Structures are given as C-alpha cells and as structure tokens.
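Student: no FASTA, just this:
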C-alpha cells in the first residue's frame, strides 16, 4: 500500500522530506507519497476525511476541532512541540497600524476550521473582542490572502511569522503584531480506517519520523548544513532560519500532554468553535499515545528559568475566567491574583505574620525547599478562608499584572542579591529559596486549574 501524506509547504515539514529523500521509509518497505497543501489544516482535514490522503501533519487546534465534531481520524503523535508564532499582517498600504485598529476588521482565512480561522478567534478572545464581531474573507491560501489584502477585500491575516517574512521584508505586507498558539502547534493525524487496517505500518512511520526529527534537531553545527538548506528551499534569510530553529522543538517520542489537549478543547469552546469537550482519550490512538506525567525538579535553576522565562507565559495564555478548578474554592482570577500576592510578598511589598510556631518552621522550610509538590490541603496564611474580593476588573488585566510582577520580582532580586525576606511558613528566604518556592507554588495552582498534569 502507498501511504499518501499531506502537509503544508513550509519549513516545519523538512524532516519528512529528508526521511523520504534518504530512503528511511523504503528501508522499512513502506511506500509513501507526499502532497503539499497550501490551503493548510482545513484543506488537509477535508482530504483526510474523504480518504484522499491517509496521514496529515496539521495544526493541533484545527485537528482537535474536527475530531470533536465527529471526523473519523485520530492523533498518533505530536509533531512540533513548541508553539507556533503567528504574525498579524496587513497590506503595507492599509490604514491599519496596530492590532487594536483591527477590532471588527475583515480577516483573511484559508478555510473555515483552519488554523488561520481558529487563531483569529483565539486572538480576538485574548483581546476581549466579541466573537460575533469577527468578519472573515475566505481566500484559500497565503497567495489568496495577499491578493485579498492588496485589493482591499480583506484587512488582515494571521499566518506563520517566518513564512510571511519575505513579504514583510519586500514591503508588500506589514506585521502589526504577533501572537503565539498557546499549545504545541502540529500533530500527526491518521484516518481511522488506516489505523484499523494498517496499524503496524503507521506505528513504523511514526517511529521513523521521530528518529528523523531527533537527527534534525541535534546536529552539532546546523549553520553549515541545515540552515542554508532551509533558507534555499523555502526562500528565507539564514538569520531568520537560525532564530526559528532555536525556538522550535520537534517530537521524538510518543508522549503528549492530557492537560494541553483539554486546554485546546476548552479554548475552542470559549471561542464558539466547538460546543463541548470530549474525553482526551477520544482524540488519540491510545495504542500509540502515552500521556505525560510531569516530574518537576524545583531546585533545578535551568528548569526554573525555563518555566519563568517561557512556560509560564504559554500557560497564562490558556487560562481564562471560564477555566474551572479541579479542587478548591478559588476562581481562576483569584488564583492569578494569589500568585501575584506571593511574588509581591517576596519583594517586601507587604508582610504576613508567621503562620506556624518558630519551632515548626525548620520542618516546613525543608518541605517547601524540597522537590516534593505542595499538598492540596496546604492553607493560605491567615484566618479568613473565604475568597478575597478581586483586585482587577477582569482576567486579562489580572494576567497582565501577574506578568509584570513576575518580571519585577526577578529585577528586585537582581538588584538586591543579598535580600532576605520572611516566608510565613519557612522563615527567612533569600533569592534562591524564593525561586524554589515560587516555581513550586505556580505549578501547584496551575495543576489546580488543569493547566499542568
């Protein structure tokens, strides 16, 4: 059997082309044929549904929405684990200069249900724009969007930043903003009939592409081979390719996050793309997928830095006022404001009296600074167990203030490296101790709201 594989004609899919060109599939007696889909995820899902292709490399949000709506395919693997960076573009001749100018504008989309369609809704939701105010111009693909914006029948386009950069560099388009997909961007999907009848071949195809992705990512000096190859094949500048490679991570195993898939569905419900959430197991081919079980090394400084410099912002993009707790009384906005209060406390913005006797603080300190997670029953210092009044008007403002406070906390300790600040359970904490606690504290509450497993 020849397996027909579909993907966008973009740099993300180079590992597939290299695997085909170097005979990795033929070595396992598997015949594959690649088809480019300039129309993106929506077009691929249509072809997959109609059995014109067997395997598709598609955007996570588009694929999840199709499965929830009843399409007969499953996720067999993540493909790109890092988020997609979308540029928000207008014609260089348009009157629009900022993203705020685009409220209620007419956005180019390749198809309904495509990434460009769904992410326009997700971005509008993050800006508190009403979904019903969004207007769309169906353009088919990037070339169609360029034409529509040049002719004035569309105002804007969300598309992968590096794919559109040549048109920004040439002066045809202007990028007025950026946004990131708040989840890993690409997955591999297979039609259910193919999985049922040819499971062993699909299993081998996934293993081959995992190996190819590992070889692709872990080269000693990509600047001598991979960077010029990508630049030549996809018409990109080498400096842009280097930037893109540094921020892109491909999947090399069968792990996927249950929490991420749940968050994708909840976000799609929030922006009215789907009506309900289904069990995450129904999205996946469970003979090939394993769910992540996160283990945190709270004392690892590199892990701390990665969390507070990258992961926390992705997770905060996902949470909304509609996100419900797995346990406890807090609303999601209370949780965000609570995390901010702990950060401010570590900056000496206010003090809380000791919550336990001094003779018990040594044991509490040892626990707080260990790699053991916080327990669900750990009380907030103070006698009042009722929820405090909210400080901010809405969740978007609260998240903005939390992000500012994360940054100001890091600056505080950078400028006061010897500062010692009292923790209500653990006594005097310096910067290193506070970073362990904050990391553990954030993970605890992100688990409370299902953002982390």
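Tutor: All right, it came through fine. These numbers were taken from a predicted model, which means no experiment stands behind them. Residues are numbered from 1 along each chain as shown.
Student: From now on I want contacts and neighbour counts done on CA atoms only, so please keep to that.
Tutor: Noted.
Student: mind listing the strands in the protein by residue range?
Tutor: For the chain, the strands defined by DSSP state E occupy 2-7, 31-36, 55-59, 73-80, 85-91, 106-109, 135-138, 156-160, 173-180, 186-191, 255-256, 290-291, 421-423, 427-429.
Student: correct me, but residue 96 touches residue 105?
Tutor: No: the criterion here is CA atoms under 8 Å, and residue 96 misses it with residue 105 at 9.8 Å.
Student: Excluding covalently adjacent residues, which one is nearest to residue 12?
Tutor: residue 80 (7.9 Å; CA to CA, 6 or more residues apart in numbering).
Student: show me what contacts the one you found?
Tutor: 12, 184-187, 248-251 (CA atoms under 8 Å, 6 or more residues apart in numbering).
Student: at 10 Å what do you get?
Tutor: 12-13, 57-60, 184-188, 213, 248-252 (CA atoms under 10 Å, 6 or more residues apart in numbering).
Student: which residues of the stretch 1-150 of the chain score low on pLDDT?
Tutor: Scanning the stretch 1-150 of the chain for pLDDT under 70 picks out no residues.
Student: do that again at 80, thanks
Tutor: 113, 131-133 (pLDDT under 80).
Student: State the pLDDT value of residue 378.
Tutor: On pLDDT, residue 378 comes in at 60.
Student: swap that for residue 251, sorry
Tutor: Reported pLDDT for residue 251: 92.
Student: so it touches residue 15, yeah?
Tutor: No: in this structure residue 251 lies outside contact range of residue 15 using CA atoms under 10 Å: 11.3 Å.
Student: how close does residue 211 get to residue 20?
Tutor: 13 Å (CA to CA, to the nearest Å).
Student: who touches residue 9 in this structure?
Tutor: Residues in contact with residue 9 (CA under 10 Å, 6+ apart) are 35-40, 163, 234.
Student: next one: phi and psi at it?
Tutor: The phi/psi pair for residue 9 (degrees, to the nearest 10) reads phi -80, psi 60.
Student: need the contact list for residue 233.
Tutor: Residue 233 neighbours (CA under 10 Å, 6+ apart): 10-11, 14.
Student: and of those, the nearest to residue 425?
Tutor: Comparing those against residue 425 with CA to CA places residue 11 closest, at 50.6 Å.
Student: so what's residue 430 scoring on pLDDT?
Tutor: Reading off the confidence values, residue 430 has pLDDT 94.
Student: wouldn't it be in contact with residue 412 here?
Tutor: No: taking contacts as CA under 10 Å, residue 430 lies outside contact range of residue 412: 11.6 Å.
Student: Give the intersection of the neighbour lists for these two.
Tutor: 346, 419.
Student: How much space separates the most far-flung residue of the chain relative to its centre from residue 426?
Tutor: In the chain, residue 359 marks the outermost C-alpha relative to the chain mean, sitting 44.2 Å out by CA atoms, centre = their mean. Note on residue 359: its distance to residue 426, by CA to CA, is 11 Å.
Student: One more: residue 290?
Tutor: In terms of CA to CA, residue 290 sits 38 Å off from residue 426.
Student: Same question for residue 176.
Tutor: For residue 176, the distance to residue 426 (CA to CA) stands at 47 Å.
Student: And the two? Which one has more around it.
Tutor: The residue with more neighbours, out of residue 176 and residue 426, is residue 426; 23 against 18, by other CA atoms under 10 Å.
Student: which residues sit in contact with the closest residue in space to that one that isn't next to it in sequence?
Tutor: Nearest residue to residue 426, sequence neighbours excluded (CA to CA, 6+ apart): residue 365, at 4.2 Å. Applying CA under 10 Å, 6+ apart to residue 365 gives the contacts 423-429, 433, 437.
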